[in-house]
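mind looking at a prediction? Sequence and model below.
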Amino acid sequence: MNERTCEGPDDRPDPEFAAQGPDANGFMIWLVLLIVPLVEVVQGEARPVWVTAPGLSAVAVLYVVTVRLAFTDARRAERLPLAALGALTVWLSLLNDSFILLFPLFAIACGVAVKGMGRVAAVLGAAIVAATGVTAFHDGLLSGGDLDWGSLLALGWGTFTAGLVPAIILRLFEVIAQLRETREELARTAVAEERLRFSRDLHDLLGHTLSVVVVKAEAVRRVLPADVEAAAEQARDIERIGREALAEVRAAVTGYRGRGLAAELASAHAVLSGAGVRLTTRMPVGDLPPETDALLGWAVREGVTNLIRHSGAHACEITLGSGDNGMVLEIADDGRGGARRADTGHGLRGLRERVRAVGGLLDVDDPPSGGFRLRVTLPREAR
């Protein structure tokens, strides 16, 4: 008995969030930066109230419009509402020093709407210069005091990070989306190449066989009137060649030219480890017939594919042993189940046809203990 275990972390990110990333609603929380200016407006400390009140409302509206538009038409968001938001931020901050908190809000909008890290850095640099200039204006020119360099550095750093962090997050999810598209394209290319390979193999197989059959048939036609025994011998060759060709075509069509059980188990360990799924395998020591080895490898591939796509499992166990009805391969996980949905898929449907071709049986079910289980039973003569 050979047992291997591959462990991965149990805490994994939500795959739906990883696929889609943040949306505009996720950035609306930063409107809380308007609370301090809003309190001053309500208390009448921000003057003139008839300017600051509608100005603060306009800032909120422009921020919402900029962020929402950034996810549909980033160029349009950057060209009009973001520019207006920046100008309004500078103007209101000049009127009231507490409105300096509008600069981090503007920086967040920049990080969301501006495309290209170089352009983001340039816009944030301009925002930092404006913010420090406004602060210096209030602390130095209006109050006549010394500049608080600590506050200036804190404001500049806060404005810069407020814009840089969302820009990096959004670019990261763009890269993830590109990687997903690339992976899907590679999968489509692999399928196309496999179909081309299969077509070539089938063409070579049938082309050679049919050529031999034509030659043999011509020989039968030539010798039949004069030598019946020679014609019968040629006919027997045609029958033998036809049976051999039928067996080879059946082997190709049913997937017996697969990678084999050992290769598929190694691939399963690598794939499940990367997905954070703990895999345990229990396999007998010994060689399997080529056709059985390829068929069981195909079963492992389909079972692992179903687990990755649908189950959400944290642990999986693959066991191969002998039962009353023959050899039994079982793949079980602790995921969310869904045997009825999986049984209608094209992958398991094709696997079922391959198993039936050798007189075997494929079952999928949701055990009472939970999870999903795939069981392939092959008759003893298939071994």
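Yes, it's here.

pretty sure R354 sits against G297.
No. At 11.1 Å, R354 and G297 do not qualify as touching, with contact defined as Cβ atoms under 8 Å. C-betas here are computed from N, CA, C, even on glycine.

give me the more crowded residue out of those two.
Between R354 and G297, G297 has the larger neighbour count (other Cβ atoms under 10 Å), namely 24 against 21.

how about that one: what's its closest non-neighbour residue?
Computed as Cβ to Cβ, 6 or more residues apart in numbering, the closest residue to G297 that is not its neighbour in sequence is E264, at 3.9 Å.

sec struct for the one you found, please.
Three-state assignment for E264 (DSSP: H, G, I helix; E, B strand; the rest coil): helix.

what about it, distance to V277?
Taking Cβ to Cβ, to the nearest Å as the criterion, E264 is separated from V277 by 15 Å.

next: R180.
Counting by Cβ to Cβ, the gap from R180 to V277 is 19 Å.

of these two, which one has the most company?
V277 (28 against 12).

who touches the helix or strand A83 falls within?
According to DSSP states H and E, A83 maps onto helix 81-95. With contacts defined as Cβ atoms under 8 Å, 6 or more residues apart in numbering, helix 81-95 is touched by 37, 46-48, 51-52, 55-56, 58-59, 62-63, 65-66, 69, 99-100, 102-103, 105-106, 109-110, 113-114, 127, 130-131, 134, 137.

taking the residues you listed one by one, which sit in helices?
The helices, defined by DSSP state H, take in 37, 51-52, 55-56, 58-59, 62-63, 65-66, 69, 102-103, 105-106, 109-110, 113, 127, 130-131, 134 from the contacts of helix 81-95.

just the buried residues of those.
37, 52, 55-56, 59, 62-63, 65-66, 69, 102-103, 105-106, 109-110, 113, 127, 130-131, 134 (16 or more other Cβ atoms under 10 Å).

quick one on the thing from earlier: now do the helix holding A83 and helix 49-70, the angle between them.
Put simply, helix 81-95 runs at 150 degrees to helix 49-70, going by axes from the mean of the first three to the mean of the last three Cα atoms, to 10 degrees.

as CSV, could you dump the C-alpha coordinates of helix 81-95?
Presented in CSV, the C-alpha positions along helix 81-95 are these (Å, rounded to 0.1, in the frame of the first residue of the first chain):
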residue,chain,number,x,y,z
PRO,A,81,-15.5,64.9,-13.0
LEU,A,82,-12.0,64.1,-11.6
ALA,A,83,-10.6,67.5,-12.8
ALA,A,84,-13.6,69.3,-11.3
LEU,A,85,-13.2,67.4,-8.0
GLY,A,86,-9.5,68.5,-7.8
ALA,A,87,-10.3,72.1,-8.5
LEU,A,88,-13.1,72.1,-6.0
THR,A,89,-10.9,70.5,-3.4
VAL,A,90,-8.2,73.1,-3.7
TRP,A,91,-10.7,76.0,-3.6
LEU,A,92,-12.6,74.7,-0.5
SER,A,93,-9.3,73.9,1.3
LEU,A,94,-8.2,77.5,0.7
LEU,A,95,-11.4,78.8,2.3
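
what comes up buried for it?
Buried residues in helix 81-95 (16+ other Cβ under 10 Å): 81-82, 84-86, 88-90, 92-94.

tell me the one of these nearest S273?
L82 (44.2 Å; Cβ to Cβ).

if I look at the closest one, how far off is N325?
From L82 to N325 the distance is 69 Å (Cβ to Cβ).

how distant is stretch 55-73 from the center of its chain?
In terms of Cα atoms, centre = their mean, to the nearest Å, the centre of stretch 55-73 is set 31 Å apart from its chain centre.

now do A127 against L164, distance only.
11 Å.

was I right about Q234 contacting R222?
No. With contact defined as Cβ under 8 Å, Q234 does not reach R222; the gap is 9.2 Å.

more neighbours: which of these two?
Taking neighbours as other Cβ under 10 Å, Q234 and R222 compare with Q234 leading, 21 against 13.

now the more buried one, what's its secondary structure?
helix.

got the contact list for it?
By Cβ under 8 Å, 6+ apart, Q234 lies in contact with 216-217, 219-220, 223.

how about CSV for these, with pLDDT, distance to E185 and secondary structure added?
Shown next, in CSV, are the contacts of Q234 (pLDDT from 0 to 100; distance: Cβ to Cβ, whole Å; DSSP: H, G, I helix; E, B strand; the rest coil):
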residue, pLDDT, distance to E185, secondary structure
K216, 72, 46, helix
A217, 78, 47, helix
A219, 76, 51, helix
V220, 77, 52, helix
V223, 75, 57, helix
